[in-house]
Each structure stands twice: as structure tokens, then as C-alpha cells.
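Undergrad: Structure, please.
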Amino acid sequence: MNELETQVQKYLVNFVKALPNFVQKWKELLQMATKPIQGLLNQAEQLRHVEKANMKDIEDFKEMQERLLYRIYEGIEEDIHDIKQTVDKLNKLNSDLKNKLTLFENATVNLDWDDKNSALVKGNAIQPKLTLLLDYTLDFWLVFCLAGRNINKSLREMNPRDAKSMCDLQNAFKVDLNCNNVRRLIAITQYIDNEKALI
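TA: Purely as a prediction, here's the structure:
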């Protein structure tokens, strides 16, 4: 294995070793977001009902309504703050993994792809061929990239007075971390650990 292939293998190992922990952290963060999202949905529903209420017959109703709305606004702000913190952590995870993927992909640019003797390019019993690994890493990355974009978009467009936007926000956090693209890459790379695998 030449020096360039060793470098590619190093970046590949660095990337694939991060995958199980990456998926686990996503799972934990999505679970962590469940409570504030549910709280936000409840607060948003209360907000819509309290704002619609109009009971002129009740003395001091307007004052009670304003106090109640103030508490609801506080609850909404707190839940949004908690959700944003979780989203920031998801974005950081994606950014870190994207950096590892970019290093791996960029390292492959100058490889001799026509070298029939290269164990890295053609693969072996432990490590699939490099073109397949590159395809599968892209498929894997797209799952999380698109999920992250969807979460960020729904959070930006979220409006507590609009039930549909609240439902969209909740649905954005329902990410299938056990989909084929995720399981497949983790399964085929579980034995890749260093350049000795290619000897």
C-alpha cells in the first residue's frame, strides 16, 4: 500500500469509526427534543384557544386573559430555547461528520483508480471496494443532512398560532435512524479498522 492509499485508509477508518456513536447521539438528541416539542405543542394549542376566547360577561376577563397569555408566551419561549439547543447540537454533530467525510472524499481524488493490484480500490473480504464505500457514505450522509435541513426549516417556519406548522415541526424530529442507508453502511464497515485489513 503506497503513502496515498495509507492516507485514504486513515481517513476512511476515522470516518467509519465515528458512525455508530454519531447515530447513537442523534437518537439521544431526538429523544431529548421530545419533551420540549410536546410542551411547545401544548402551549401553542393553549395560545390559540386563549386568544380566541371572548367572554365580555366575565368581570376582569381581559386582564385574566392577558396574564394567562403572558405565562403561555413564557412557556413557549422556554420550549423553543430548549429545542434550539438540541438543534444546535444536531447541527454540530452533522458538521463534525461532514468534515470527516470531506477529508475522506478529498483524499481519494489523486488515487490511481485503474490500479488492479490496489486492495483499497478493489476491496477484499473485510473491506468493500472503494467506489461502493464512497456511494454508501454519500447515501448515509444524505439521511442526516436532509433530516437536519428539515428540522432547521421547520423550526424557522414554526408559528405557534398555526397548527400545521406545529405538526410539521413535530414530524421533522421523526427521523428513521434504522433506515437501510444507515444500517447498510454501518454493517459493511464494522470490520474496517486500519490499513492491515488491506494486506
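
Undergrad: was I right about residue 192 contacting residue 126?
TA: Yes: using Cβ atoms under 8 Å, residue 192 is in contact with residue 126, at 7.0 Å. All C-beta atoms are positioned from the backbone trio N, CA, C, and that covers glycine.

Undergrad: Which residue of these two possesses the greater neighbour count?
TA: More neighbours surround residue 192 than the other of residue 192 and residue 126, with 18 against 15 (other Cβ atoms under 10 Å).

Undergrad: for the more buried one, helix, strand, or coil?
TA: Secondary structure, DSSP: H, G, I helix; E, B strand; the rest coil: residue 192 is coil.

Undergrad: could you measure it against residue 63, distance?
TA: 67 Å (Cβ to Cβ, to the nearest Å).

Undergrad: same thing with residue 142?
TA: Relative to residue 63, residue 142 is positioned 53 Å away (Cβ to Cβ).

Undergrad: can you check residue 10 too?
TA: Look at residue 10 and residue 63: by Cβ to Cβ, they are 67 Å apart.

Undergrad: between the two, who's got more neighbours?
TA: Each of residue 10 and residue 63 has its neighbours counted (other Cβ under 10 Å); residue 10 has more, 15 against 9.

Undergrad: so which strand or helix has the more buried one?
TA: Using DSSP states H and E, residue 10 maps to helix 3-52.

Undergrad: list the helices and strands the following helix or strand past that helix packs on?
TA: Moving toward the C-terminus from helix 3-52, the next helix or strand (DSSP H and E) is helix 61-107. With contacts taken as 3 or more Cβ pairs under 8 Å, 6 or more residues apart in numbering; DSSP states H and E, helix 61-107 sits against helix 3-52, helix 130-157.

Undergrad: Averaged pLDDT, the last one. What do you get?
TA: The average of the pLDDT scores along helix 130-157 is 97.

Undergrad: What's the first helix or strand after that helix?
TA: helix 163-172.

Undergrad: mind exporting that following helix as PDB, just the C-alpha atoms?
TA: The C-alpha trace of helix 163-172 is given here as PDB (Å, rounded to 0.1, in the frame of the first residue of the first chain):
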ATOM      1  CA  ALA A 163     -51.400  24.200  14.000                       C
ATOM      2  CA  LYS A 164     -50.000  22.800  10.700                       C
ATOM      3  CA  SER A 165     -46.600  24.400  11.200                       C
ATOM      4  CA  MET A 166     -46.500  22.900  14.700                       C
ATOM      5  CA  CYS A 167     -47.300  19.500  13.300                       C
ATOM      6  CA  ASP A 168     -44.600  19.900  10.700                       C
ATOM      7  CA  LEU A 169     -42.100  20.700  13.500                       C
ATOM      8  CA  GLN A 170     -43.000  17.600  15.400                       C
ATOM      9  CA  ASN A 171     -42.800  15.500  12.300                       C
ATOM     10  CA  ALA A 172     -39.400  16.900  11.400                       C
END
